[in-house]
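In: I'll drop the sequence and a predicted model, then ask my questions.
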Amino acid sequence: MALWGTKDTVYSTGKVNCTTAGVLTKQSGSIAFTSGNGVKVGQVVTLATDGAGVGEGVIKTITSATALQLTNLNLPGAFTNVDYEIREKPVYTVQDSHHDASKIYGVDTTEMSVANAASGNARKYAPPHAGWVGITTYNDNAGNLRVKHEVLVAGSSISADSGDDALLPDS
């Protein structure tokens with residue numbers, strides 16, 4: 001696979017476990033890590049839990065329909081029974097210290113247009129371009145919300161929307 005693709009979400013069915021060595025296995029659900037489901041070597045797997053943080057790795061090998069071996073790991077520890085998302089985001093962002101793993105978004109042209117038409121704090125999230133965008137938020141010394149954007153890869157062909165509609169709605 002290239003250094004990045006155009007799909008914000010490729011696959012995210014069921015729950016998985018992941019060791020600190022990057023062995024990702026099915027925990028529950030009807031998981032099928034197959035090419036028919038769009039899963040390919042070189043895609044990024046993002047793991048998320050409510051309390052343990054976020055981890056990522058790049059698919060090195062598809063060992064079976066229910067197991068993957070990850071490389072380029074950014075894992076704070078092992079993960080058990082967690083949600084995950086396979087995406088085509090830029091692989092170099094997995095170990096990027098400038099952006100949290102959960103703060104890089106595949107922004108399509110509709111999300112960009114809706115954000116640009118919004119008002120108030122919702123307007124602050126409007127990225128300057130569609131593509132792969134890092135978004136960082138903070139409060140300034142007066143307590144005002146500030147939003148920084150960094151377009152990592154400009155592109156108008158992002159598809160397969162991720163679950164980011166609270167931040168970047170489609171309508």
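Out: Thanks, I have it.

In: leaving out chain neighbours, which residue sits closest to V91?
Out: V58 (5.2 Å; Cβ to Cβ, 6 or more residues apart in numbering). All C-beta spots, glycine's among them, are computed from the backbone N, C-alpha and C.

In: does the one you found belong to a helix, a strand or coil?
Out: What DSSP: H, G, I helix; E, B strand; the rest coil gives for V58 is strand.

In: next one: the longest helix seen in the chain to chain centre, how far?
Out: Counting residues, the longest helix found in the chain (DSSP state H) is helix 109-117. Centre-to-centre, helix 109-117 and its host chain are 19 Å apart (Cα atoms, centre = their mean, to the nearest Å).

In: picking up where we left off before, need the contact list for the residue nearest to V91.
Out: By Cβ atoms under 8 Å, 6 or more residues apart in numbering, V58 lies in contact with 42-45, 70-72, 91, 94.

In: what's the first-to-last distance across stretch 47-63?
Out: Distance between the two ends of stretch 47-63: 18 Å, counting by Cα to Cα, to the nearest Å.

In: pLDDT averaged over that stretch, what's the number?
Out: The average pLDDT within stretch 47-63 is 86.

In: buried stuff in it?
Out: 47-48, 54-59, 62 (16 or more other Cβ atoms under 10 Å).

In: pLDDT of stretch 113-125, averaged?
Out: Averaged over stretch 113-125, pLDDT sits at 91.

In: let me fix that, I meant to ask about stretch 14-25.
Out: Rounded mean pLDDT across stretch 14-25 is 96.

In: buried set for it?
Out: So, applying 16+ other Cβ under 10 Å, buried residues of stretch 14-25: 14-18, 22, 24.

In: which residues does the longest helix of the chain contact?
Out: Counting by Cβ under 8 Å, 6+ apart, 122-123, 125-127, 129-130, 156, 158, 161, 164, 168-171 sit against helix 109-117.
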